[in-house]
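Asker: Make a model of this:
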Amino acid sequence: QIQSYCETLVKLSEENDSPVIYYNMYLVWIYRYEMERDFEGMLEVCEQGEKYIEQNPVFEQESKLILFQTKKMSAYLHLHNYRDGRATAEKCLNHFPEGTDPWFTFMEYYFLLAMHTENYINALAIYNRATDNPKFKKQDSLVQEKWNIFEGYVNYIIEKEGKNNKILLMQARRGFRASKLLSSPALYPREQRIFSVLVIILQILFLLERKSLSKIPEHIERLKKYATRQLKKE
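Answerer: Residues are numbered from 1 along each chain as shown. This is a model prediction of the structure:
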């Protein structure tokens, strides 16, 4: 179905010089490549969309530009391409009014990219910048909870890697208590079950780091139940 949309929009763009058609053509192609997990193709279309906006400033729509840039960050995250992702982030953050919903979404991708590529000092800086923003507390509760879980992963990294990195060790946040995390039942509503999975995995990581091996099997059993009953195969 999305392939037919792509083809139709390409034909329409050849017949009509309309920014609405062009924007939607780029967006649908981006979603198509995202569904196919072709992140190189996704990046290429994002760049075409950005170029179109640059060449047609009279039609510029900030929201469309922000969407292209956010999708680029998502692609860089999946490709573990930290160098280009960071360059994009530094260039694009000027387009995002700080503290807005799109800004927090963009910062999320930027944080995850830094974590997945083991640029932990930068990940900490991104985390602090996002959560210290005055508008953070006005964000939707789901957004806040996601960043709260990120805090747990940040502190796990500090505990694990800090032994060999004094700069990292100095970044520990005073308000975080691993004991509270480890005693958490990690129960979220069904539609938020990914949060439960992320917290259980984090609990296992802390238990492994602290050599509390006897407590790990029950957590693994919970993950098995999620895998067989609630999570999609992919």
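
Asker: Please count neighbours and contacts with C-alpha atoms only from this point.
Answerer: OK.

Asker: what ranges do the helices span in this structure?
Answerer: 2-15, 19-36, 39-55, 62-79, 82-92, 101-116, 120-131, 141-161, 166-169, 178-182, 193-209, 216-229 (DSSP state H).

Asker: per-stretch mean pLDDT over the ones you listed, give me the minimum one.
Answerer: Confidence, taken as mean pLDDT, is least for helix 166-169 of the helices of the chain (a mean of 78).

Asker: Can you lay out the helices of the chain as JSON lines showing mean neighbour count?
Answerer: Formatted as JSON lines, the helices of the chain follow (neighbours: other C-alpha atoms under 10 Å):
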{"stretch": "helix 2-15", "mean neighbour count": "14"}
{"stretch": "helix 19-36", "mean neighbour count": "18"}
{"stretch": "helix 39-55", "mean neighbour count": "18"}
{"stretch": "helix 62-79", "mean neighbour count": "20"}
{"stretch": "helix 82-92", "mean neighbour count": "15"}
{"stretch": "helix 101-116", "mean neighbour count": "21"}
{"stretch": "helix 120-131", "mean neighbour count": "18"}
{"stretch": "helix 141-161", "mean neighbour count": "17"}
{"stretch": "helix 166-169", "mean neighbour count": "15"}
{"stretch": "helix 178-182", "mean neighbour count": "13"}
{"stretch": "helix 193-209", "mean neighbour count": "19"}
{"stretch": "helix 216-229", "mean neighbour count": "13"}
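
Asker: need the contact list for the residue nearest to Trp103 when sequence neighbours are not counted.
Answerer: Distance criterion C-alpha to C-alpha, 6 or more residues apart in numbering; nearest residue to Trp103, sequence neighbours excluded, is Phe96 at 5.5 Å. Contacts for Phe96 (C-alpha atoms under 8 Å, 6 or more residues apart in numbering) come out as Ile66, Pro102, Trp103.

Asker: Against Pro102, how distant is the first one?
Answerer: Read it as Ile66. 7 Å (C-alpha to C-alpha, to the nearest Å).

Asker: got the contact list for the residue minimising distance to the centre of the chain?
Answerer: Among the residues of the chain, the one closest to the centroid is Tyr109, at 3.3 Å (C-alpha atoms, centre = their mean). Tyr109 is in contact with Thr70, Met73, Ser74, Leu77, counting by C-alpha under 8 Å, 6+ apart.

Asker: which one among those gets closest to Arg37?
Answerer: Arg37 lies nearest to Ser74 out of these, by C-alpha to C-alpha, at 11.1 Å.

Asker: That closest one and Ser179: what is the separation?
Answerer: From Ser74 to Ser179 the distance is 33 Å (C-alpha to C-alpha).

Asker: Ok, Ala114 next?
Answerer: 26 Å.

Asker: Could you do Tyr120 as well?
Answerer: Tyr120 is 23 Å from Ser179, by C-alpha to C-alpha.

Asker: cool, Lys225 as well?
Answerer: Lys225 sits at a distance of 24 Å from Ser179 (criterion: C-alpha to C-alpha).

Asker: Check Ile157 too.
Answerer: 16 Å.

Asker: What degree of burial does Phe136 show, as a neighbour count?
Answerer: Neighbour count for Phe136, taken as other C-alpha atoms under 10 Å: 19.
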